[in-house]
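Quick one: sequence and predicted model below, then my questions.
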Amino acid sequence: MSRIGRMPIAIPAGVTVDIAENNLVTVKGPKGTISKELPHEMKITSDGKEVLVERPNDLKKMKSLHGLTRSLLNNMVIGVTDGFEKKLELNGVGYRVAKSGNKLTLNLGFSHPVEMTDPEGVTAEVQDNIITVKGIDKELVGQYAANIRDKKRPEPYKGKGIKYADEVIRRKAGKAGKK
């Protein structure tokens, strides 16, 4: 059995999990509602207190889908109770970020400012040179943070660019001077 797949998912108070046909799972909680269609091969059962995921056989594909399905369900439950967030840092002289409405304006040393609009269900907050991306869907939060980071990835010589707060940049030595 999959070590991750066989673990039950505890449903906290105030959260409801509805399982429709074709494994369309809807999770409602204090922060919002998430619906996702999970692999139809898996058998998802709920008794009100916990959710279990079972696989039909021991084929390699079913083993991989077992753990994946359980992880996706668990992330949905965590998302509607606590939510997810990613922090990004801007490093570099003249690199600035501003937020107005749902638009994020990045000044990254280009000839023009880069504007990004928050996707539905995700918000970006700005404080000094730190961008915090928050939302209830882990996939959307991670993707939006990755899209922001892709506008100017950190470079290895001076470390300028947009990096995750917990990311460590491997630095390289610059040119050696004349003697």
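Looks like it came in fine. Bear in mind that the values here come from a model prediction, so they are computed numbers and not experimental data.

got any ranges where the chain has weak pLDDT?
1, 177, 179 (pLDDT under 70).

go again using 80 as the cut-off
In the predicted model, the chain carries pLDDT under 80 at residues 1-2, 176-179.

What residues of the strand ranked longest in the chain count as buried?
Using DSSP state E, we find that the single longest strand of the chain is strand 84-91. Neighbour-count burial for strand 84-91, with 16 or more other CB atoms under 10 Å as criterion, is recorded at Phe84, Lys86, Lys87, Leu88, Glu89, Leu90, Asn91. Glycine gets a C-beta too; all of them are placed from N, C-alpha and C.

tell me the secondary structure for the nearest residue to the fourth one once chain neighbours are set aside?
Excluding the flanking residues, the one nearest Leu88 by CB to CB, 6 or more residues apart in numbering is Ile131, at 4.4 Å. With DSSP: H, G, I helix; E, B strand; the rest coil as the basis, Ile131 sits in strand.

wait, isn't Ile131 in contact with Glu125?
Yes. Assessed by CB atoms under 8 Å, Ile131 is found in contact with Glu125 at 7.4 Å.
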